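K.L.:
output the structure for:
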Amino acid sequence: MPIEDPRSSEPRSLESRSPGPLGPSPDDRLPQLVELLRGRLAVALAGAGCSTESGIPDYRGPEGRLRTRRPMLYKEFVGSPEGRARYWSRSAVGWPAFSAARPNAAHVALAAMERAGLLAGVITQNVDGLHHAAGSREVVELHGSLARVRCLDCGESLPRRTFQDLLLSLNGAWLGRVRRGARGAVESAPDGDAELSAETLAGFRVPGCRSCHGVLKPDVVFFGENVPRGRVDAAWRLMQQAEVLLVVGSSLTVFSGRRFVYGAKKAGVPIGIVNLGPTRGDDLADLKVEARLGEALPRLVRELGSPPG
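P.N.:
You can find the predicted model right below:
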């Protein structure tokens, strides 16, 4: 049965269920996940938990920041110069640490699975580019990439590292004040930016597009923004190859990723989840494993017969 895009509203019967404990302890369930994957071509759906072991914080995991930090909203970024200054000032400070992050064992294991023919590809909700850096080839970046900046008016794009040079050229004195006022290391935040006080915004300048002076935005999907249709279509094309869906490091809180769990369930495709903490797909999964991805995925690959690396 082909996997279809559930274009209608989310199934209320699925939304109303509360995830509960599934089966025995995590160590006992990993061999079961091996058997669920054995002989089946998998597609991975990856969330922020895949990158936390690379030092990139998440919003909703065990140490997530959603309750303590207000994320940037699309409406605020587009409609408010102050909102853009808040975002880009934090991004200017946080970008060096974010861009220095490197793939961890989970990313490497997924790339190894693809090379071994065990994995058709990765649909990722992350915007850090670490799947590509680890060697994965078939990657759908559902929420875009922080490595690019795009003009909302004329569509011109430029590398984020180039935009960082523009930010620093306009705000060198500002950045010096921020660094002098910081106590120790600046704390990284989930959007690839940094935690800064509201007082630090004073004097920060945001450059416009070099071609049309329009508004420049990171090429990522903010809260309240729709995922571009082309990316969704690319993800569904990848899902057509799935004989099993492997969810790794996602709470499945947002529908942009959870829709693929619904699609797999409707098509009768088995679903395995590896995540720390509950997800909104636990009651739909054939198997749920509570484990750190950097430990579980390399072991999974070894058991399936292809050592990662």
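
K.L.:
any idea how far stretch 111-129 is from the chain center?
P.N.:
13 Å (CA atoms, centre = their mean, to the nearest Å).

K.L.:
in stretch 111-126, what counts as buried?
P.N.:
Residues of stretch 111-126 classed as buried: 111-114, 118-126 (neighbour count, 16 or more other CB atoms under 10 Å). Glycine gets a C-beta too; all of them are placed from N, C-alpha and C.

K.L.:
what's the answer for stretch 32-46, then?
P.N.:
For stretch 32-46, using 16+ other CB under 10 Å, the buried residues are 33-34, 36-37, 40, 42-46.

K.L.:
is Glu225 in a helix, a strand, or coil?
P.N.:
coil (DSSP: H, G, I helix; E, B strand; the rest coil).

K.L.:
count the residues that sit near the residue lying closest to it once chain neighbours are set aside.
P.N.:
Spatially, and ignoring its direct neighbours in sequence, Glu225 is nearest to Tyr74 (3.7 Å; CB to CB, 6 or more residues apart in numbering). Tyr74: 15 surrounding residues under other CB atoms under 10 Å.

K.L.:
where does the stretch 51-200 of the chain have low pLDDT?
P.N.:
58-70, 181-199 (pLDDT under 70).

K.L.:
where do the helices of it begin and end?
P.N.:
74-79, 81-99, 105-115, 130-134, 160-170, 172-181 (DSSP state H, counting those that start in this stretch).

K.L.:
these two touch, right, Ala42 and Glu243?
P.N.:
Yes - with contact taken as CB atoms under 8 Å, Ala42 and Glu243 are classed as touching, separated by 7.1 Å.

K.L.:
among the helices of the stretch 51-200 of the chain, which is the most enclosed?
P.N.:
helix 105-115 (a mean of 25; mean count of other CB atoms under 10 Å).

K.L.:
helices and strands around that one, which ones?
P.N.:
strand 42-46, strand 119-124, helix 130-134, helix 293-304 (3 or more CB pairs under 8 Å, 6 or more residues apart in numbering; DSSP states H and E).

K.L.:
let me know the average pLDDT across the last one.
P.N.:
Averaged across helix 293-304, the pLDDT comes to 95.

K.L.:
between it and strand 42-46, how many degrees?
P.N.:
Going by axes from the mean of the first three to the mean of the last three CA atoms, to 10 degrees, helix 293-304 is angled at 180 degrees with respect to strand 42-46.

K.L.:
how's this protein carved up into domains?
P.N.:
12-56+102-143+226-304, 74-99+146-220 (automatic domain parsing).

K.L.:
distance between the ends of the last one?
P.N.:
Spelled out, it's domain 74-99+146-220. 10 Å (CA to CA, to the nearest Å).

K.L.:
and the most centrally placed residue in the chain, what does it touch?
P.N.:
With distances taken as CA atoms, centre = their mean, the chain has Asn126 as the residue nearest its mean C-alpha position (1.7 Å). Counting by CB atoms under 8 Å, 6 or more residues apart in numbering, Asn126 makes contact with 46-48, 50-51, 56, 141, 143.

K.L.:
is it possible to get TSV of the residues you listed that adds distance to Gly281?
P.N.:
Converted to TSV, the contacts of Asn126 look like this (distance: CB to CB, whole Å):
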residue	distance to Gly281
Ala46	14
Gly47	11
Ala48	15
Cys50	15
Ser51	19
Ile56	22
Glu141	21
His143	18
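
K.L.:
filter the residues you listed down to the buried ones.
P.N.:
Buried among those (16+ other CB under 10 Å): 46-48, 50-51, 56, 141, 143.

K.L.:
circling back to that earlier point, mind picking the two most distant members of the contacts of Asn126?
P.N.:
Ile56 and Glu141 (14.6 Å; CB to CB).

K.L.:
pull up the gap between the closest residue to Asn104 other than its chain neighbours and Leu170, please.
P.N.:
Ranked by CB to CB, 6+ apart and with sequence neighbours excluded, the top spatial neighbour of Asn104 is Glu53, at 4.2 Å. Glu53 sits 35 Å away from Leu170, going by CB to CB, to the nearest Å.
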